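# what's the 3D shape of this:
(one chain, ligands or ions: 1)
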Amino acid sequence: MTIASPIDPKGQDFSMTDADFEIVSQYAHKHFGLAMSSSKKPLVSSRLARRLRHLKIDKFKDYIAKLEGPNADSEKNELLSLLTTNVTHFFREPHHFETLRDDHLPSLIEQARRGGRLRIWSAACSTGQEPYSIAMLLKSVCPDIDRLDAKILGTDIDPVVVQKAQAAKYPLDELAQIPREFKPKDLAGDTMPSSITSLVTFGTLNLIQPFPFKGKFDAIFCRNVAIYFDTPTQQKVWSAFQRILNPGGYLFIGHSERISGPASAHFKTAGITTYINTPAGGDS
Ligand SMILES: C[S@@+](CC[C@H](N)C(=O)[O-])C[C@H]1O[C@@H](n2cnc3c(N)ncnc32)[C@H](O)[C@@H]1O
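Below is the predicted model:
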């Protein structure tokens, strides 16, 4: 069945056939881990129709050929942006930051004061508000954090959002929403101060590919991205997080996400969508 498709002002018809949708959804699954059921077809069709118009391509078939062709990387990123959302904000789902501050950070900071490492990963960090929120939290509870071996890593599959995160520039009304207790004293204008940015490094990373890290993390925030993955992909990602977390490390996931599969034997619930890695296993 072919659904009614948007027709552009010049009368071009961008119909997306079921076969076109299937090819796009297989591509999205293979490259980004995204699961797209047929219910997403109207949304995907209308978003892609806009992209095709912009590229002056009049058939989905030709667009798909572009995605498979040489130099496809930038179009691949455009497609990812069309299929997912980058919505995020400072201190989103604030209970996670409270749990980190009250239940986990005290021992991590003590360990770092004795010369240990403190590593937190914001996986799928979008434009950086999440890792910078973690950095502001760390700085507020430990003003001399920059003298310890403490680092936050922010990664996302989309290089465009990673670049924005690195630029650390935000609309003033967004910065105004940072709770007063965490707002950096040296925040002036629209850019995160270096007292915060110096704690965070960024990189591009696709969660469905093997992780490149040598060391382990004390906490991982992976929020509001696994909802796009199908269950087998989610379960692989949960297991990969479990392996890369230190014993006792925390995993924070999005409000509509749940741990399932083999990793659930190791993750003990420690709050709303919050889990502790207990390699011995169990929820007991
Ligand atoms: C809704 S944002 C979540 C941002 C932040 N974690 C939060 O909860 O506010 C989802 C992000 O996941 C990223 N993403 C989608 N698929 C991904 C993948 N396979 N690997 C890494 N990041 C991915 C998108 O680029 C997007 O920036």
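
# every contact and neighbour count from this point should use C-alpha atoms.
Fine.

# mind checking how far stretch 125-134 is from the chain centre?
9 Å (CA atoms, centre = their mean, to the nearest Å).

# can you give me the first-to-last residue distance of that stretch?
11 Å (CA to CA, to the nearest Å).

# tell me if it is near the ligand.
Yes: against the ligand, stretch 125-134 shows contacts by CA under 6 Å from any ligand atom at 125, 126, 130.

# which residues touch that stretch?
86-92, 97, 121-122, 152-156, 158, 161-166, 168, 196-197, 200, 222 (CA atoms under 8 Å, 6 or more residues apart in numbering).

# make it 6 Å
With contact meaning CA atoms under 6 Å, 6 or more residues apart in numbering, stretch 125-134 is reached by 86, 89, 90, 91, 122, 154, 155, 156, 161, 164, 165.

# so which of these are also by the ligand?
Near the ligand, by the rule CA under 6 Å from any ligand atom, you find 86, 89, 156 out of the contacts of stretch 125-134.

# distance check, the last one against residue 150.
Okay, so that is residue 156. On the measure of CA to CA, residue 156 and residue 150 end up 20 Å apart.

# between the contacts of stretch 125-134, which is closest to residue 108?
Proximity of the contacts of stretch 125-134 to residue 108 was ranked by CA to CA; the top entry is residue 122 with 16.8 Å.

# the closest one - that's part of a strand, no?
Yes: judged by DSSP: H, G, I helix; E, B strand; the rest coil, residue 122 forms part of a strand.

# let me see the contact set for it.
Counted by CA under 6 Å, 6+ apart, residue 122 has contacts 131, 154, 220, 221.

# which PyMOL command selects the buried ones in these?
Those of the contacts of residue 122 that count as buried under 16 or more other CA atoms under 10 Å are selected in PyMOL with:
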select buried, resi 131+154+220+221
